[in-house]
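Asks: Fold the following.
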Amino acid sequence: MKIQQPVALVTGAGSGIGRAIALALAAKGKYVLAVGRTESSIRQTIEHIRQAGGFGQAVVCDIADMDQIDVVNIS
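Replies: Here you go, the predicted model:
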């Protein structure tokens, strides 16, 4: 899949301010990479984005763990 719009990577996107930022960026036409430690919460964020007509992808990753950061692959 080739992403055609600007991409926004949002950490902590599973709840609170991170989720609000992800939703706001999606509303502005960004493809959102929602990053968080809890799969269910970031998937909910992506579901909210898609329901509003936006696009994005959930990425489970703890950015405090350097071993996990190398696994994030955007295609």
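Asks: got a list of what the closest residue to Asp62 other than its chain neighbours touches?
Replies: Ranked by C-beta to C-beta, 6 or more residues apart in numbering and with sequence neighbours excluded, the top spatial neighbour of Asp62 is Arg37, at 4.8 Å. The way it works is simple: take the backbone N, C-alpha and C, and place the C-beta from them, glycine included. Listed by C-beta atoms under 8 Å, 6 or more residues apart in numbering, the contact set of Arg37 reads Gly14, Val60, Cys61, Asp62.
Asks: what's around the nearest residue to the second one once chain neighbours are set aside, how many residues?
Replies: In space, not counting the residues next to it along the chain, Val60 is nearest to Glu39; the distance is 4.8 Å by C-beta to C-beta, 6+ apart. For Glu39, the number of neighbouring residues by other C-beta atoms under 10 Å comes to 12.
Asks: number of nearby residues for Val32?
Replies: Using other C-beta under 10 Å, Val32 has 25 neighbouring residues.
Asks: quick one: it is in a helix?
Replies: No - when classified by DSSP: H, G, I helix; E, B strand; the rest coil, Val32 is found to be strand rather than part of a helix.
Asks: give me the element the closest residue in space to it that isn't next to it in sequence is part of.
Replies: Excluding its sequence neighbours, the residue lying closest to Val32 (C-beta to C-beta, 6+ apart) is Gly56, at 3.6 Å. Using DSSP states H and E, Gly56 maps to strand 55-60.
Asks: Quickly run through the sheet partners of that strand, with directions.
Replies: Strand 55-60 sits in its sheet next to strand 31-36 (parallel), going by DSSP bridges.
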